[in-house]
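Participant: pasting the sequence and the predicted model now:
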Amino acid sequence: MTWWRALIDAGAVAGGGGRTDEAESGATVGADLVEGSELQIHRVADRTGSPIPPAASFLNGIERWSVVAYDGVVQVVNAYVAAAVRRRDKTGVLHTTFERSRAFAIAPLDRMSPALRQALEQSAADIEAVAGELVEQPARYLEMVEATVRRGRARIERDLAEQAMNDIGPDEWLVIDGLLSRSPDVARHPRALGVIKSHGTQFLEGRGLERALTLPAGHRTSVFAVRGGHTRTEVYSWYLRLWPWEGNDLLYGLLRIEARAHADSVKRASELSRWLWAERAPLATPATRWDRLLYPLHHVEEYLKTRAPRDLQQGPRRASRLPRLAS
Amino acid sequence: MNAIGRVVATELKPATPHQFHFWTATDTAIGIGAIVKVGGSGTGDEGRVVYGVVTEGFAYSDLATPLHDVVGAEGDPTRAEEAPTARQQIRYWTAAVLRQTPEEPLQPVPLGQVYVADDVDVAQALRMDTFLYSATPTAIPIGLYTSAGREAPVYLDADFLLGPEAAHLNISGVSGLATKTSAVEFLLASIFAHFPAHKGRVAAVCFNVKGPDLCFLDQPGDLTDEDRHRYQALKVPAEPFQRVRLYAPLKADGVNLNTLRTHPDLVGDVEPLTWGLQEVVDFAEVLLNRDDIDAKADAFIDFLRDRVLGKSFDDGFGTTHRVQTFADLARLFRSIFDGLEITAGGRSDTWRTHHIATMRKVRNRLLNISTRCKGLVTDDGPSSDLPWKGFEDRTVYVIDIANVDPLGQDLVFARVVSKLREQLERRELGVDAVVVFVDELNKYAPGDGPETYVKKMLLDISERGRYLGLVLFGAEQFRSQVHRRVVGNAGTQVFGRMDMDELATPGYQVLTPATKSKLATLPIGELMIRHPHFTQPIFVRFPKPPVLRGRDGVERFPPGADVPFEDAVVRQLVRLDRRVRPNQVKDLIADREPDDVRRALAAVRRIRPDDVLAYFRKVLGARVEPEARMLREHHAVPPLNPISDEPY
């Protein structure tokens, strides 16, 4: 019996639904160009040499949550976050090297009735207590829940990244799905890269922004330093277009890469970009964002999905909320 | 033992009581035909164990559509190899259930772990434990199960191979790979080594219908170390048959043997096979084609058989006949036709109610056989035959009819099998079971075509032989073209490499495409077996037979040229008695009529006296009296399907 079933048996009302997609926070953050005096476009798509490092690991994570019970208007949430690092061997096959997950309940304990709170505390092993002031505003409450879950995911991704960085070989790279700068240790590592698919935060403006958003496929922008705002540790960054955006949209196939803030990152930006450009194949289908999702990162995500609890394996309910009929 | 896979089931592809699906690592020893065991976690408290054989395999990746691969490689196939990450892929197998324990209640296969079957598992899976470990074991090794890196002996149940529960074996396969003949040779060796004592004595009769295929079963062949290892694993001696009796008709000259085993070192072991009128008339139906089979001809043959042969008979035209040979029969017919022509003035066309046209037809058929099969059928004189009352245990009787006229082959086949049936019914053959190996069943028991006597006889063996111990081992290239009842009654079915066109026929619909594909590419020495105890076909490997293959035999022992008449007579007499001096024989037969010499020689062969030369001299002195047939009780085997009940 699950803990929320115990909660429902104790008198709570059953619930369902959730949201999973992560989006980079929408903001404009300042950036300093560190490669040249003006943001330029650099071609990276050539087939000279072998840009793919002999060893690479890939880190990705997932988050799942669902309202599973109501104590009056108090929504009690079942949440699950997981992350894994999978190392690619010489044959191109990925193997899990690190993996961590957390299943926990989210509830404003101080707003719950004593009986249900007791039932929750007795049946759930891991409870993340949240503030209760948004309980009467269900939508905002759920946004807070989502942020809580996302923080939980970021935490285990960061822990796992740090653990992986201690383990990788002298020529091995770690590619992280998302921001590199969550962990200072990782952000400063010479062989760690962050791959960002969401572009809610803008770092450029004017001519530079136009060049970045109309970047041709197989090209990168000049490297710039990301400062302030959402990042705790300064990193260098650049845009890379994997697939032609013409005929699609400005963000189609557009990645933002993060590397340590070091002159070597500028020196190797084209080489690293050529590597990531080579990672376009195989396509990360059937993921809807396959144009920006590297297959190994997609693979890690799929791996984690198969290991997630069954009742949280499905995405957020988008189907009709009409009563279910017996069949 | 480590699990190599796990059963998976979906709504679209669920596990059933007869089939399940499982996945393995990409790099696995499992293949089509491998036997696996489902057990371990997921099989419930009762510890249900399921054995299955892999019948189909799939591999696929997470590629949603082939177009995505094209896009990823930008339309350049050479770039597809440059993808740094290998797509997630699966090896997904379908297995047919061989056995479940407990067997009741029969339930869908649990979603447990999958293991490679070991030797004990193979015995369990194929239900061999019931006849392998019983107080009176009846296991006959057929080969080694070698899938998934294993080498487990596979056994057939003698009760279901040689009767009485089921019987007969049918083997199909394309020609030229030496699979069919080799498999039967090995299986005969295995039967002789493992036929259980409580089931009595067993022998085999093999018809050699092609070249030298079965002419050297007593000579050792070349075996590899692997073959010897397999013999050891199967506990079958890797040596040629210890007791082989070869029979071959004579050539038209009546003294040289009509076989490819005429090398001077070996020809002495070949017994001549010659038959006279009586043996032929008993099977006259064989000689008549479909158009000939009518009540009138049948009645006249019966008349000859009952009233004429071996008896004093007045032809009604003033001549008394004693018909014992084809020559006598020819004289009788000539007398009748002359009588009708001269005495009756050509006005009558019937004799003893038989129309002259019917008589002419029967005469032509009967006398024609002595011409077409000269050497097998003696125009004049006694016969040399198989030891119908003295078959020996674990002995192979090879009858070489490869160079005999097709009509003669039919006659030999019909008579030998009928005599075997007759003697087994009387329990007078000397053995309790006889395996009859017939190659080219396409020819002798075709699915379509006329209802020949031979076909009816093969049907009779197939349907009733198991009660008698008369077991048919049939081989053919195209199973679909053999009579359904002949094939259907074979309890054990063996398949070598098959032609894809043949596999497309309805008889193979039960096989999966993967199994068909494996059958179409089966290497020499590998077979697919179906046996009553096996719920699914099983692939096995068998060692090369321990005997000299036909074509190797003629290379090692090239056939000798025909020897002159005198030398052939000497050779035959010396074979019977090594004390015989060639010059003595040559002196004896000088200036003698060859027919007289042949008759004397046949008499010596038949009597086998202690002093061969003395007896030969004695019988050569006068016309040799044939066997006293008038005293012989008529034992003609009744037609299997009487042509007519109408009396003559």
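Facilitator: Alright, I've got the coordinates. Residues are numbered from 1 along each chain as shown, chains lettered A, B, ... in the order given.
Participant: name the spans of the chain whose pLDDT lies under the cut-off.
Facilitator: Chain wasn't specified; assuming chain A. Where chain A drops to pLDDT under 70, the residues are A:15-27, A:47-50, A:228-232, A:313-327.
Participant: wrong one, I was asking about chain B
Facilitator: If you take pLDDT under 70 as the line, chain B has these spans: B:41-46, B:178, B:288-293, B:344-346, B:379-382, B:622-648.
Participant: how about the residues of it near chain A?
Facilitator: Counting by Cβ under 8 Å from any Cβ of the partner chain, chain B comes close to chain A at B:62-65, B:68-69, B:71-73, B:79-80, B:82-88. The way it works is simple: take the backbone N, C-alpha and C, and place the C-beta from them, glycine included.
Participant: narrow these to those that are buried.
Facilitator: Buried residues within the residues of chain B next to chain A, counting neighbours by 16 or more other Cβ atoms under 10 Å in any protein chain shown: B:62-63, B:68-69, B:71-73, B:83-88.
Participant: what is the nearest of those to B:Ala297?
Facilitator: The nearest member of these to B:Ala297, counting by Cβ to Cβ, is B:Leu63 at 73.2 Å.
Participant: secondary structure class of that closest one, three-state.
Facilitator: coil (DSSP: H, G, I helix; E, B strand; the rest coil).
Participant: so where do the helices sit in chain A?
Facilitator: Using DSSP state H, the helices of chain A run over A:3-9, A:114-123, A:138-165, A:184-187, A:206-213, A:263-278, A:295-307.
Participant: export those to CSV and tack on mean neighbour count?
Facilitator: Formatted as CSV, the helices of chain A follow (neighbours: other Cβ atoms under 10 Å in any protein chain shown):
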stretch, mean neighbour count
helix A:3-9, 20
helix A:114-123, 16
helix A:138-165, 18
helix A:184-187, 19
helix A:206-213, 16
helix A:263-278, 19
helix A:295-307, 20
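Participant: ok, which of the ones you listed comes nearest chain B?
Facilitator: Of all the helices of chain A, helix A:295-307 sits nearest to chain B, with 4.9 Å by Cβ to the nearest Cβ.
Participant: name the residue closest to the centre of the chain, please.
Facilitator: Assuming you mean chain A. Centroid-nearest residue in chain A, with Cα atoms, centre = their mean: A:Gly178, separated by 4.9 Å.
Participant: hm, I was asking about chain B
Facilitator: B:Phe437 (1.8 Å).
Participant: that residue pairs with what?
Facilitator: On the basis of DSSP bridges, B:Phe437 is bridged to B:Cys206, B:Phe473.
Participant: for chain A, see how far away it is.
Facilitator: 52 Å (Cβ to the nearest Cβ, to the nearest Å).
Participant: quick one: contacts for that residue?
Facilitator: Applying Cβ atoms under 8 Å, 6 or more residues apart in numbering or on different chains to B:Phe437 gives the contacts B:184, B:188, B:204-207, B:214, B:473-475.
Participant: now with 10 Å, please.
Facilitator: The contact partners of B:Phe437, taken as Cβ atoms under 10 Å, 6 or more residues apart in numbering or on different chains, are B:169, B:171, B:180-181, B:184-185, B:187-188, B:204-208, B:214, B:396, B:398, B:471-475.
Participant: try B:Leu188
Facilitator: Counted by Cβ under 10 Å, 6+ apart, B:Leu188 has contacts B:202-204, B:206, B:217, B:241, B:394, B:396, B:435, B:437, B:473, B:545, B:547.
Participant: turn those into TSV, including distance to B:Asp610.
Facilitator: TSV is the format used below for the contacts of B:Leu188 (distance: Cβ to Cβ, whole Å):
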residue	distance to B:Asp610
B:Val202	32
B:Ala203	27
B:Ala204	31
B:Cys206	32
B:Leu217	30
B:Phe241	29
B:Arg394	28
B:Val396	28
B:Val435	34
B:Phe437	35
B:Phe473	38
B:Pro545	38
B:Val547	34
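Participant: give me every residue that touches the residue in the stretch 51-200 of chain A that chain B sits nearest to.
Facilitator: Chain B sits closest to A:Gly92 of the stretch 51-200 of chain A, with a gap of 3.7 Å, by Cβ to the nearest Cβ. Contacts for A:Gly92 (Cβ under 10 Å, 6+ apart) come out as A:52, A:282, A:296, B:83-87.
Participant: ok, A:Leu240 next?
Facilitator: Going by Cβ under 10 Å, 6+ apart, A:Leu240 touches A:42, A:44-45, A:195, A:215, A:217-221, A:253-257, A:269-270, A:272-274, A:276-277, A:292.
Participant: ok, now how distant is B:Pro559 from B:Thr259?
Facilitator: As judged by Cβ to Cβ, to the nearest Å, B:Pro559 and B:Thr259 stand 8 Å apart.
Participant: between those two, which is the more surrounded one?
Facilitator: Set side by side, B:Pro559 and B:Thr259 show more neighbours around B:Thr259, with 26 against 17, by other Cβ atoms under 10 Å in any protein chain shown.
Participant: show the contacting residues for whichever residue of the stretch 151-300 of chain A sits closest to chain B.
Facilitator: Evaluated by Cβ to the nearest Cβ, the stretch 151-300 of chain A has A:Ala281 as its residue closest to chain B, separated by 3.5 Å. Taking Cβ under 10 Å, 6+ apart as the criterion, A:Ala281 is in contact with A:295, B:68-69, B:71-74, B:79-85, B:87.
Participant: that older thread, now intersect the contacts of B:Phe437 with the strands, please.
Facilitator: In this view, the contacts of B:Phe437 that belong to strands under DSSP state E are B:169, B:171, B:204-208, B:396, B:398, B:471-475.
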